[in-house]
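Chemist: This is a predicted model, with the sequence first.
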Amino acid sequence: KAAEDASERAKKQKQMAEDEAMSEGGDASSSSESEASDNDERDASFEVASGRKRRSPSSARAGRKSAARSRQQKRVSAPNPSKRKKLAQPSEEGSDSDSDSDGEEDYFRTRSSAASTAKRCCAMDGEGRVDLCVKILAQACGLGAGSSKLLGEARLDRGEEDEDEDEDAIYRDFGRSLAAHLASEAKGEGEGRTGGEGSGGAHASAQQFSLLFGKRSKQLENNFVHFWNHLVMLLHGKETLYAGSGSDDDNEGSAFADGSSNSVDFLGCMKHVCVELSKSEVRSIRYAACVCGYALLGSLVHAHQVLGESTVLLTKQLRAVGSGSTSQKKKEQRRDLNKRLHACHERSNLLDHCMKELFQDLAIVRFRDVAPPIRALTIKWVGLWVVQHPKKFLSDGYLKYVAWSLNDKDAHVRLAAVEALREVYQKHEGDPADAGRANTSASSSLSNGSALDLLTQRFSKRYCELIRDKNPLVALSLLLVAVALSADAMLVAVGSRRHAGAKGSPWDR
């Protein structure tokens, strides 16, 4: 009861305090209003007397409150500058790419974009994969990706009566029609530029992707080659590279998740496309087709090496299982290993056939091209194949093209030939610590050293002549070849015999 009385007294005191505060506030507000009116009258009289405007304290307080409120709203509504920059960055890049390429998709501008394009291409079916590769090849020619003719359109143009025709002929005709279409597009674009017409620059933005005339042609060429290497190895890993090639084992796994079948031979189609485009009259188209074909061949060389390693491993496993065991588990293991080994042999033979046809129809023909950049490109890639896969390419049938190019009239082609030979000889030399045992098989990194010895004996005279080449880069590269051959002492011996008694021979210098 005492506690209730105390709480009631506290409530009454609180109510009385609130009433007093309200009465005081009313008096204060009335006094402040009167003061404000007096201040306004003084301000008005001041403005009339002096002609200047003077802010009253009440208006100043209101202005300060509104300024503080606006600053607080800005702090709340303003986003993080770093986040704003990150959010704005994709739109800026997109606008730049749209303004630069006018709708052209970025296929191989950077190395990462080339890899992502290869992954996207690998996920497509056979016809869609070929169409995307053709678009990329058209962009590498300096034309728009939309200017290319697609495989599906070519099949529809042939009609239903040609359905039973050989697939090889279909791919060949598709390559010819594509080459004619791209050549007409390139000529039309060239006429538009020379005539000063605005429509002639429809594909002017795609000219930046040209592998021959682009501003970043070397970087774009490396990215283009990386795209093909990545794509072929992805297809090899998914075992769709060999689908549609005629093998029943490979065609069994050519069905995709959506139930469609992969009836397009990707290697055969791209081989004919590259060969037919390499016959074009337009130099940029020939150059891009050569880069595409050589990159495809180099990727097949890598895949062939992987298959060779798999064959060796399967052979060892088959020997480890043994043929004397009669248990059911061992029999199943031998059957599975024999089946996988047979598939590896079939795929290796398929890659051998494709590489041979690409070399004969593309490299041997473009070796005599009228354009020096294409001849130099061919020689450079032949040297790369010899170093990459000496078991197959280190022979007279391939090295003779590099040696013949030492007599080319263009200095860039001679330089490419000398640099290719230098890479081969340096690979053959092996470890510099084994220079004294260069003739032994242990010191050689290549498997067929006799072909190099025969090449050195046959072209040693030309090596000595190139020391006095009018191009200093060619002479310097040949001196580096001589350094690589210094352990064998073969070239020095031949040169000393040929220049015996002559004063001031190249080797004396």
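Modeler: Here it is on my side, so go on. Everything numeric in this text was worked out from a predicted model, so none of it was measured. Residues are numbered from 1 along each chain as shown.

Chemist: Worst mean pLDDT across the helices and strands of the chain, which element?
Modeler: Ranked by mean pLDDT, DSSP states H and E, the weakest helix or strand in the chain is helix 81-101, scoring a mean of 40.

Chemist: what residues does the helix or strand just after it touch?
Modeler: Next helix or strand after helix 81-101 toward the C-terminus (DSSP states H and E): helix 111-122. Defining contact as Cβ atoms under 8 Å, 6 or more residues apart in numbering, one finds that helix 111-122 is touched by 106-108, 129, 132-133, 136, 222-224, 226-228, 230-231, 234-235, 238, 240. Any C-beta I mention is one placed from the backbone N, CA and C, and that applies to glycine too.

Chemist: what about stretch 267-278, average pLDDT?
Modeler: Averaged over stretch 267-278, pLDDT sits at 92.

Chemist: Take that stretch, keep the C-alpha atoms, and write them as PDB.
Modeler: C-alpha atoms of stretch 267-278 as PDB (Å, rounded to 0.1, in the frame of the first residue of the first chain):
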ATOM      1  CA  LEU A 267      38.600 -32.100 -89.300                       C
ATOM      2  CA  GLY A 268      37.600 -32.900 -92.900                       C
ATOM      3  CA  CYS A 269      35.400 -29.900 -93.300                       C
ATOM      4  CA  MET A 270      38.000 -27.400 -91.800                       C
ATOM      5  CA  LYS A 271      40.700 -29.000 -93.900                       C
ATOM      6  CA  HIS A 272      38.800 -28.300 -97.100                       C
ATOM      7  CA  VAL A 273      37.900 -24.800 -95.900                       C
ATOM      8  CA  CYS A 274      41.500 -23.900 -95.200                       C
ATOM      9  CA  VAL A 275      42.800 -25.300 -98.500                       C
ATOM     10  CA  GLU A 276      40.100 -23.600-100.600                       C
ATOM     11  CA  LEU A 277      40.600 -20.300 -98.900                       C
ATOM     12  CA  SER A 278      44.300 -20.500 -99.400                       C
END
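
Chemist: List the contacts of it.
Modeler: Stretch 267-278 is contacted from outside by 130, 133-134, 137, 141, 151, 167-168, 171-172, 174-176, 178-179, 182, 241, 244-245, 285-286, 288-290, 292-293, 296, 300, 350, 354, 357-358, 361-362, 365-366, using Cβ under 8 Å, 6+ apart.

Chemist: and what of stretch 473-482?
Modeler: Among residues not part of stretch 473-482, those counted as contacts by Cβ under 8 Å, 6+ apart are 411, 414-415, 418-419, 421-422, 425, 463, 466-469, 491.

Chemist: picking that back up, from the contacts of helix 111-122, list just the buried residues.
Modeler: 106-108, 129, 132-133, 136, 223-224, 226-228, 230-231, 234-235, 240 (16 or more other Cβ atoms under 10 Å).

Chemist: Now residue 452: closest residue in space that isn't a chain neighbour?
Modeler: Leaving aside its sequence neighbours, residue 452 sits nearest to residue 428 (Cβ to Cβ, 6 or more residues apart in numbering; 5.5 Å).

Chemist: Would you tell me what helix or strand that neighbour is located in?
Modeler: Residue 428 is part of helix 411-429 when elements are defined by DSSP H and E.

Chemist: which secondary structure elements does that helix contact?
Modeler: Applying 3 or more Cβ pairs under 8 Å, 6 or more residues apart in numbering; DSSP states H and E, one finds that helix 411-429 makes contact with helix 372-388, helix 396-404, helix 449-465, helix 472-484.

Chemist: Got a quick PyMOL command for the buried subset of the contacts of stretch 267-278?
Modeler: In PyMOL, a selection of the buried entries from the contacts of stretch 267-278 looks like this (16+ other Cβ under 10 Å):
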select buried, resi 130+133+134+137+141+151+171+172+174+175+176+178+179+182+241+244+245+285+286+288+289+290+292+293+296+300+350+354+357+358+361+362+366
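
Chemist: Run a quick neighbour tally on residue 184.
Modeler: Using other Cβ atoms under 10 Å, residue 184 has 12 neighbouring residues.

Chemist: got the contact list for it?
Modeler: Residues in contact with residue 184 (Cβ under 8 Å, 6+ apart): none are found.

Chemist: Do you know the pLDDT at the closest residue in space to residue 150 that isn't next to it in sequence?
Modeler: For residue 150, ignoring the flanking residues on the chain, the nearest one in space by Cβ to Cβ, 6+ apart is residue 131 at 4.5 Å. On the pLDDT scale, residue 131 is placed at 89.

Chemist: Does residue 131 touch residue 153 like I think?
Modeler: No. Counting by Cβ atoms under 8 Å, residue 131 does not reach residue 153; the two are 9.0 Å apart.

Chemist: the more surrounded of these two?
Modeler: Neighbours were counted for residue 131 and for residue 153 using other Cβ under 10 Å; residue 131 has more, 20 against 12.

Chemist: helices or strands up against the strand or helix carrying that one?
Modeler: Take DSSP H and E as the rule and residue 131 turns out to sit in helix 126-140. Contact partners of helix 126-140 among helices and strands, from 3+ Cβ pairs under 8 Å, 6+ apart: helix 111-122, helix 151-158, helix 217-237, helix 266-277, helix 283-321.

Chemist: what angle sits between the fourth one and helix 283-321?
Modeler: Okay, so that is helix 266-277. 150 degrees (axes from the mean of the first three to the mean of the last three Cα atoms, to 10 degrees).

Chemist: With the first one instead?
Modeler: Between the direction of helix 111-122 and that of helix 283-321, the angle (the same axes, to 10 degrees) works out to 70 degrees.

Chemist: Can I get helix 111-122 in CSV? Just the C-alpha atoms.
Modeler: Presented in CSV, the C-alpha positions along helix 111-122 are these (Å, rounded to 0.1, in the frame of the first residue of the first chain):
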residue,chain,number,x,y,z
ARG,A,111,44.0,-14.8,-75.0
SER,A,112,41.2,-15.3,-72.4
SER,A,113,38.5,-14.5,-75.0
ALA,A,114,40.1,-17.0,-77.4
ALA,A,115,40.0,-19.7,-74.7
SER,A,116,36.4,-18.9,-73.8
THR,A,117,35.4,-19.0,-77.5
ALA,A,118,37.1,-22.4,-77.8
LYS,A,119,35.1,-23.7,-74.8
ARG,A,120,31.8,-22.4,-76.3
CYS,A,121,32.7,-23.9,-79.7
CYS,A,122,33.4,-27.2,-78.1
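
Chemist: OK, contacts around residue 393?
Modeler: Counting by Cβ under 8 Å, 6+ apart, residue 393 makes contact with 301, 382, 385, 386.

Chemist: Any idea how many residues pack against residue 135?
Modeler: Residue 135: 19 neighbours (other Cβ under 10 Å).

Chemist: Give me the local confidence score for it.
Modeler: pLDDT, residue 135: 90.

Chemist: Cheers, nothing more for now.
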